[in-house]
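Asks: Take this sequence and fold it.
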Amino acid sequence: MRDQYAGDLSDLLKLALLRALASDDGTLGVGWYYNPANDKRPDGRHREYCNEPKWKSLDLPLWEALRALPDRSVGALERMPIWPPCTSFYRIPVPTSGGRFSWAFNMKNALEKVRIVFLDPDNGVGKVSKRHATIEEIGMMREPGRAVVVIKFPAREDHDKQLIDYHRLMHDRTGTSSILTVCTTVRLPQPRVRWFTIIDADYILKKRVRCFTDKLRLVENIKCRAHEGN
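Replies: As a prediction, the model looks like this:
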């Protein structure tokens, strides 16, 4: 996660989902996979939603808070008033390789008291890099009674096969028996696909995911579905 991306459409979607999952009885921890460098890419420019009232129906307090974001930074996101009480953040810059295990272990300790952990790398799950969370790091965050949520931007073609392979890999490498992915597609004007995978979701979280996807599908020009795999 880079400051230049703060407050873009991905943030609206992921924070709305996290708020729906935590509701009024869950504790939340966010591992930003923070990278303070500006990569000069235009990916974070999409803030059209700020002028589109259709998003109010998804999460009005969040929509208003993101519209009022004072600057494009991860720190500004943390200071928004929309987080559940006692939300924990881990914003230590992510190393590429040297010290990576210690960095991830420190993140685990920083977020140890929460029931929902969200990992937010630039490009989702992959090999060790500043843009990716590794499956080993996801596995490290697992604890009894905790769900781990991670974002992913899939390749452009054959999403169904990618999703099946992704779930199988996650199951085989982490040992989880519960994998649920919220697949979203938003046209801006070209379709942009984002996946949010919840690992170890219990019955209550699965129910909240279904309610979230129902609300998101009501927003104009949005496609959304929840796919459960094991």
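Asks: Pull the number of nearby residues for the residue lying closest to Glu78 once chain neighbours are set aside.
Replies: The shortest distance from Glu78 to any non-neighbouring residue, by Cβ to Cβ, 6 or more residues apart in numbering, is to Phe89 (5.3 Å). The way it works is simple: take the backbone N, C-alpha and C, and place the C-beta from them, glycine included. Residues within reach of Phe89, counting by other Cβ atoms under 10 Å, total 18.
Asks: that's a helix at Phe89, yeah?
Replies: No: read with DSSP: H, G, I helix; E, B strand; the rest coil, Phe89 is strand and lies in no helix.
Asks: Beta-bridge partners for it, please?
Replies: Beta-bridge pairing of Phe89 under DSSP bridges involves Val30.
Asks: Quick check: Trp63 touching Glu52?
Replies: No: using Cβ atoms under 8 Å, Trp63 is not in contact with Glu52; the gap is 9.1 Å.
Asks: Among these two, which residue is more densely surrounded?
Replies: The neighbour count for Trp63 versus Glu52, taken as other Cβ under 10 Å, is higher for Trp63 (22 against 13).
Asks: Tell me the secondary structure at the more buried one.
Replies: Trp63 ends up helix, using three-state DSSP.
Asks: On the three-state scheme, the closest residue to it other than its chain neighbours is what?
Replies: Residue nearest to Trp63 in three dimensions, not counting chain neighbours: Trp55, with 5.1 Å by Cβ to Cβ, 6+ apart. The three-state label for Trp55, taken from three-state DSSP, comes out as helix.
Asks: residues contacting Trp55?
Replies: For Trp55, the contact set (Cβ atoms under 8 Å, 6 or more residues apart in numbering) comprises 12, 49, 63, 219.
Asks: Surely the first one and Leu66 touch.
Replies: Yes: using Cβ under 8 Å, Leu12 makes contact with Leu66 at a distance of 5.9 Å.
Asks: ok, and for stretch 7-24, which residues are buried?
Replies: For stretch 7-24, a neighbour-count test (16 or more other Cβ atoms under 10 Å) marks 7-22 as buried.
Asks: Lovely, talk soon.
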